[in-house]
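[1] what's the 3D shape of this:
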Amino acid sequence: MATNYKQLLSYCRISDQFYGCLLYADDILLLSHSVNAMRRMLMVCDQFAAEFDMKFNSGKSVVLRIIGNRCNAQCVPFTLNGEVLKFISELKYLGV
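    Residues are numbered from 1 along each chain as shown. Just a heads-up that it's a prediction; the model follows:
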């Protein structure tokens, strides 16, 4: 699945490094430079789940949108497994 993200070029630049997703055990953190790129990444998750007969837990999945000084425009909700993901304002990832 991580290889599929490389093909999408949905990277996020952090300190001169490019990240698309961070994987640890059964946790996945997706990072994207745009709303459209994130939608494509979530579609890859849906396709991966269908191909390998898996299901992502949409109830434990959230969206944290960091927009800096740009206007806080509303966007169409993100979905995973056909369910709308909740927007949050802060996140604790793996205890960090």
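[2] Can you report phi and psi for residue 27?
    Dihedral pair for residue 27: phi -100, psi 140, per degrees, to the nearest 10.
[3] my read: it touches residue 92, true?
    No. Using C-beta atoms under 8 Å, residue 27 makes no contact with residue 92, being 11.8 Å away. Where C-beta positions appear, they are placed from N, C-alpha and C, glycine not excepted.
[4] quick one: which of those two has more around it?
    For residue 27 versus residue 92, the count of surrounding residues by other C-beta atoms under 10 Å is larger for residue 27: 10 against 6.
[5] okay, now residue 40: neighbour count?
    Residue 40, neighbours per other C-beta under 10 Å, totals 16.
[6] swap in residue 67?
    Residue 67, neighbours per other C-beta under 10 Å, totals 10.
[7] did I read that right, it in a helix?
    No. Counting by DSSP: H, G, I helix; E, B strand; the rest coil, residue 67 is not part of a helix but coil.
[8] Low-confidence bits of the protein, can you list those?
    Residue ranges of the chain with pLDDT under 70: 1-14, 17-18, 68-73, 95-96.
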